[in-house]
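**Q** need the 3D shape of this:
(one chain, ligands or ions: 1)
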Amino acid sequence: MLVTNHVAAGAAIGALLHRRPALAFAVGVASHLAMDSLPHWGLPRVPESHDRFLEVAKRDGVAGLAAIAVLSGPARGIRPGVLAGIAGATLLDVDKPARHFFDRNPVPARVQGFHERIQREAPHRMRAEIAIAAGLLGLSGILVTRHRSAV
Ligand SMILES: [Zn+2]
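**A** The predicted structure follows:
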């Protein structure tokens, strides 16, 4: 699943669990596994997919970073929880930038294997992925700003 969607889910979780950042982190990790096991966009893991994957990954990476800024910026008073939720929700995808930029994968092989086995990817699901992004970004935006006015 796009990392932008994991960021948005993590921010929502962090806003809801902002008083317990460690729990927000753990639930963020769980959300990653749950979301990756649902049908989502992805390409066959073959060399021919590499260029297209990289093209999407660059845009998704920039969108994900922008989402972190936009969602944590207004999270005054609850920012540690929001960032903990985002960190947990995105942790398992560190393999992609780590391999691309450093040619290394810090994720233990057993965890990496499990993460790859649960994927339910298909290349025709990008529209659904973007619709999910819009919904999750809207939801997390509401939760983050709601807490800001309540603090
Ligand atoms: Zn993943």
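**Q** what parts of the chain come near the ion?
**A** By the rule C-beta under 5 Å from the ion, the part of the chain lying against the ion is D36, L92, D93. Every residue, glycine included, has its C-beta placed from N, CA and C.
**Q** which of those residues lies closest to A128?
**A** When the residues of the chain next to the ion are compared for distance to A128 (C-beta to C-beta), D36 wins out at 14.3 Å.
**Q** surely the closest one touches N5?
**A** No. D36 lies out of contact with N5 (C-beta atoms under 8 Å); the separation is 10.0 Å.
**Q** and those two? which has more neighbours close in?
**A** N5 (28 against 21; other C-beta atoms under 10 Å).
**Q** what about the chain, any weak spots by pLDDT?
**A** 147-151 (pLDDT under 70).
**Q** in it, what residue lies closest to the ion?
**A** D36 (4.3 Å; C-beta to the ion).
**Q** which residues touch that residue?
**A** Contact analysis of D36 by C-beta atoms under 8 Å, 6 or more residues apart in numbering lists M1, L92, H115, I118, Q119, R120.
**Q** which ones among those residues are found in strands?
**A** R120 (DSSP state E).
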